[in-house]
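Visitor: Sequence first, then the predicted structure, then my questions.
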Protein chains: 2
Amino acid sequence: MPGIKDRVAVAGVGATRFTEHYEKDQEDLLVEAVEEACTDAGIERKDIQAIWCGVYYRFTGLSGTTAADALRLYGIPSTRVENYCASGMDAFRNACFAVAAGVYDIVLACGVEKITDQGSHGLPNVLRDSIPPFMPPASAPALFAMAATRTFAERGWTREDLARVAVKNHANGAKHPKAHFRREITMETALEAPMIAWPLGRFDSCAVSDGAAAVIITTPEIAKKMNHKDDYVVVKANGLAVTTASPMHNPGFDYLGFPATRMAAKQAYDEAGITDPARQISLAEVHDCFTITEILNYEDLGFCEPGEGAAFIREGRSAADGNLPVNPSGGLKSFGHPIGATGCRMIGEITRQLQGRAEGVQVKDPELGLAHNLGGPGAVCSVTILGRN
Amino acid sequence: MPGIKDRVAVAGVGATRFTEHYEKDQEDLLVEAVEEACTDAGIERKDIQAIWCGVYYRFTGLSGTTAADALRLYGIPSTRVENYCASGMDAFRNACFAVAAGVYDIVLACGVEKITDQGSHGLPNVLRDSIPPFMPPASAPALFAMAATRTFAERGWTREDLARVAVKNHANGAKHPKAHFRREITMETALEAPMIAWPLGRFDSCAVSDGAAAVIITTPEIAKKMNHKDDYVVVKANGLAVTTASPMHNPGFDYLGFPATRMAAKQAYDEAGITDPARQISLAEVHDCFTITEILNYEDLGFCEPGEGAAFIREGRSAADGNLPVNPSGGLKSFGHPIGATGCRMIGEITRQLQGRAEGVQVKDPELGLAHNLGGPGAVCSVTILGRN
């Protein structure tokens, strides 16, 4: 099977700032992100032939009309893709397939979530709605905290290791004009913050944000005639792997990483022909819903050996000036996490990095970038690899 | 753009009975439908390389794990597609794109909904959850009733015309072993039934059902080596068109048909090279959520001229022995409507009809079949055309 390697191009990217957008509704956010992506690609909105929109919460988006209504793009196909926190990257994946199939020339993948202000729905109901009756009731911090305590016991990792991730991501996000939390923090700030679910404190947890992100996708042949004719980005691979809806409730789960990430990464590395990700991947945007998740991602993505995750952050290897910068945007922790929007936001960040025009910290001369979305409590993972053409 | 015409094959189909499945959960239903489809295709479940699952209600399905967990198919991609009542057919569409792109050899499109028994969720909450806060609160019967009264005023159609659709579809469904309501009804039964939203009575409205449906999709080359090597079915076209989330609340809406259907049908006819659907389409499974919808579908799909919809049913042209049989399965009215499952169920019915092995009424020697899903209050439409290889 040929996969989509080198058959699909990213022609333009856009994103709103991720923050509490009390003054804008989800339609405003989508329009802002898509207009930026269209301008970046050098097309008009009406050139879009089909849409895939990643939205997680039902009250922020329902059906393909979520995007079509916002953009006033009627009469074309528009599909809502929902796959937990990987919704946005799965929207991107399906859009890539349609272009690779030759069905459309220019399509839009996007994602949006407006969750900080939902009137009567509000945050308590966000939490209620996030746990369907077939899943055991446990909050995300409580679940990921178990992974942290397990690594403390098994690996000897510490709260300081977690705090290092928060400090790094805040240092990066502080420089990004679109990040939710644009300020640096100290180790003391992270360690002394209020506890949410021990050992995860406030700075170990990403926040709830509003925002939207958009990607214009086309073929390399067409990209050569668009704005980024010289520096369009090509899709090298996408992997998507699903496990059970709640692997953390599985008695066999070891809490030392996420099988979904390992399986999605293997798919993507096989497709892209990557045999040594630690050397071949220039930078990554990974799913740091919690600081412990980022450290486990290092291992699951093959950036280091199992058990070496904490050393990876301690030694600064994932810092902006490290040998494999991770989350130079600030990550979910500092950039924010409007669920459906995050996957396409990551694709946009990697694209701009590969083009040498990152909005925040620019990594030096990257060749291959990886975006990683982990959805549910480790239930689903999508890994996308992008490269310079 | 080449579209997917003749590039994708239906290798196997399966469905549960659509009914009140109090004794089975949604996982049972999905497994039953998928096992039947695998057996029909001559494959094992583990041969499936990727999954698309159409699910509408959040409490019946969330993320790609909905299907992966039921089928115990872990480590492969699984995507939830949600597009109102067109969720199942949009899952099929995306699965077709992935196969046409050459990314996978054998994939599964499926749909499921378990809504008659939801414990504390129950039917009142089904209704509450079906109307997100950004949509005006009006029930589906109330909205579609306005289309009926409009046609009464503009076209001179009557409650008898609506009842004829119910009588036809019950006559067909009575013969189908998997239909929800397996009994014939008389005009009197339909006309004297309790009113739901005038002029739509109980027999003008499809019911809430539980059920699942599945389709195994591959390339024609591979289908030639599978169970249906001689009579596999090929995809001739798919059209999907989205309008606003609630076109019926648009002051410009004329209530005499659905623009989404007309636009999706045009896409599909253009792709399939169909210039005279009334003559070229052998049979159709259309979205008769209400009897008035089926009559308007005749017009929107080009089976007759605008205004002639009622004549089409009066003259028996859509009857099982008519020149363009519509809903020989019994349709949503008699067969039932577990929302996410309906699109794939229709694909399965058309496939079996083209293969001469319909489970209920067999249409005589069909060449081309059309499946039509209308979602939301006319918000989104998917049209799939299948043909003999």
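Guide: Nice, thanks for sending it over. Residues are numbered from 1 along each chain as shown, chains lettered A, B, ... in the order given.
Visitor: residue ranges for the helices of chain A, please.
Guide: A:26-41, A:65-71, A:87-100, A:122-130, A:140-155, A:159-173, A:187-192, A:220-223, A:259-272, A:277-280, A:291-300, A:309-314, A:331-335, A:339-354 (DSSP state H).
Visitor: Let me know which of those helices is tucked in deepest.
Guide: Most buried of those by mean neighbour count (mean count of other Cβ atoms under 10 Å in any protein chain shown) is helix A:331-335; its value is a mean of 32. In short, each C-beta sits where N, CA and C put it, glycine included.
Visitor: Show me what that one is packed against.
Guide: If you count contacts as 3 or more Cβ pairs under 8 Å, 6 or more residues apart in numbering or on different chains; DSSP states H and E, helix A:331-335 packs onto helix A:159-173, helix A:291-300.
Visitor: tell me the angle the shortest one makes with helix A:140-155.
Guide: Read that as helix A:291-300. Angle, helix A:291-300 to helix A:140-155, by axes from the mean of the first three to the mean of the last three Cα atoms, to 10 degrees: 50 degrees.
Visitor: Which elements pack onto helix A:291-300?
Guide: Applying 3+ Cβ pairs under 8 Å, 6+ apart, one finds that helix A:291-300 makes contact with helix A:140-155, helix A:159-173, helix A:259-272, helix A:309-314, helix A:331-335, strand A:368-375.
Visitor: between it and helix A:159-173, how many degrees?
Guide: 90 degrees.
Visitor: Please dump the helices of chain A into CSV; it should also carry mean pLDDT for every row.
Guide: CSV is the format used below for these (pLDDT from 0 to 100):
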stretch, mean pLDDT
helix A:26-41, 97
helix A:65-71, 95
helix A:87-100, 98
helix A:122-130, 49
helix A:140-155, 95
helix A:159-173, 98
helix A:187-192, 98
helix A:220-223, 98
helix A:259-272, 98
helix A:277-280, 98
helix A:291-300, 98
helix A:309-314, 98
helix A:331-335, 98
helix A:339-354, 98
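Visitor: Just send the helices and strands packed on helix A:291-300 back as JSON lines, with distance to residue A:279 too.
Guide: Listed next are the helices and strands packed on helix A:291-300 as JSON lines, based on distance: least, Cβ to Cβ, whole Å:
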{"stretch": "helix A:140-155", "distance to residue A:279": "24"}
{"stretch": "helix A:159-173", "distance to residue A:279": "21"}
{"stretch": "helix A:259-272", "distance to residue A:279": "12"}
{"stretch": "helix A:309-314", "distance to residue A:279": "14"}
{"stretch": "helix A:331-335", "distance to residue A:279": "22"}
{"stretch": "strand A:368-375", "distance to residue A:279": "10"}
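Visitor: Domain map for chain A?
Guide: For chain A, the domain assignment from automatic domain parsing gives the residue ranges A:9-121+A:209-223, A:138-205+A:234-388.
Visitor: Just checking the shortest one against chain B, any contact.
Guide: Just to be clear, that refers to domain A:9-121+A:209-223. Yes. Interface with chain B: domain A:9-121+A:209-223 contributes A:51, A:58-59, A:62-66, A:68-69, A:74-84, A:90, A:93-94, A:97-98, A:100-105, A:118-121 (Cβ under 8 Å from any Cβ of the partner chain).
Visitor: Can you tell me which of these are buried?
Guide: Among the residues of domain A:9-121+A:209-223 next to chain B, those classed as buried by 16 or more other Cβ atoms under 10 Å in any protein chain shown are A:51, A:58-59, A:62-66, A:68-69, A:74-84, A:90, A:93-94, A:97-98, A:100-104, A:118, A:121.
Visitor: thinking again about what came up before, quick one: the helices and strands packed on helix A:331-335 as JSON lines, columns for distance to residue A:110 too.
Guide: Conversion of the helices and strands packed on helix A:331-335 to JSON lines gives the following (distance: least, Cβ to Cβ, whole Å):
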{"stretch": "helix A:159-173", "distance to residue A:110": "22"}
{"stretch": "helix A:291-300", "distance to residue A:110": "24"}
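Visitor: what about residue A:317, how many residues close to it?
Guide: A count of neighbours around residue A:317, defined by other Cβ atoms under 10 Å in any protein chain shown, yields 18.
Visitor: near chain B, which residues of the stretch 151-300 of chain A show up?
Guide: A:239-245, A:259, A:263.
Visitor: farthest pair in the residues you listed?
Guide: A:239 and A:245 (19.3 Å; Cβ to Cβ).
Visitor: can I get the domains of chain A in TSV with distance to residue B:310?
Guide: Putting the domains of chain A into TSV (distance: least, Cβ to Cβ, whole Å) gives the following:
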stretch	distance to residue B:310
domain A:9-121+A:209-223	27
domain A:138-205+A:234-388	43
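Visitor: Tell me which of the ones you listed approaches residue B:370 most closely.
Guide: Taking the domains of chain A one by one with Cβ to Cβ, domain A:9-121+A:209-223 is closest: 17.2 Å.
Visitor: Ends of the closest one, what's the gap?
Guide: 7 Å (Cα to Cα, to the nearest Å).
Visitor: re earlier: which stretch among the helices and strands packed on helix A:291-300 comes nearest residue B:114?
Guide: strand A:368-375 (22.3 Å).
Visitor: just the angle between that closest one and helix A:87-100, please?
Guide: Using the same axes, to 10 degrees, strand A:368-375 lies at 120 degrees relative to helix A:87-100.
Visitor: In contact with the residue lying closest to residue A:36 once chain neighbours are set aside, which residues?
Guide: Of all residues not flanking residue A:36 in the chain, residue A:14 sits nearest, at 2.9 Å (Cβ to Cβ, 6 or more residues apart in numbering or on different chains). By Cβ atoms under 8 Å, 6 or more residues apart in numbering or on different chains, the contact list for residue A:14 reads A:32-40, A:213-215, A:348.
Visitor: Take these and write them to a markdown table, including distance to residue B:143.
Guide: Output for the contacts of residue A:14, formatted as a markdown table (distance: Cβ to Cβ, whole Å):
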| residue | distance to residue B:143 |
| --- | --- |
| A:32 | 32 |
| A:33 | 31 |
| A:34 | 29 |
| A:35 | 32 |
| A:36 | 36 |
| A:37 | 34 |
| A:38 | 34 |
| A:39 | 38 |
| A:40 | 40 |
| A:213 | 33 |
| A:214 | 31 |
| A:215 | 35 |
| A:348 | 38 |
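Visitor: Return the member of those nearest to chain B.
Guide: Nearest to chain B among the contacts of residue A:14 is residue A:34, at 15.0 Å by Cβ to the nearest Cβ.
Visitor: thinking again about what came up before, flag whichever of the residues of the stretch 151-300 of chain A next to chain B scores worst on pLDDT.
Guide: pLDDT across those is lowest for residue A:245, at 83.
Visitor: Would you confirm that it contacts residue A:376?
Guide: Yes. Between residue A:245 and residue A:376 there is a contact at 6.3 Å, judged by Cβ atoms under 8 Å.
Visitor: what about those two, which has more around it?
Guide: Using other Cβ under 10 Å, the more surrounded residue of residue A:245 and residue A:376 is residue A:376, with 27 against 23.
Visitor: which non-adjacent residue is nearest that one?
Guide: Per Cβ to Cβ, 6+ apart, closest to residue A:376 is residue A:84, 3.9 Å.
Visitor: Tell me if I'm right that residue A:160 and residue A:187 touch.
Guide: Yes. Contact criterion Cβ under 8 Å: residue A:160 and residue A:187 qualify, at 6.9 Å.
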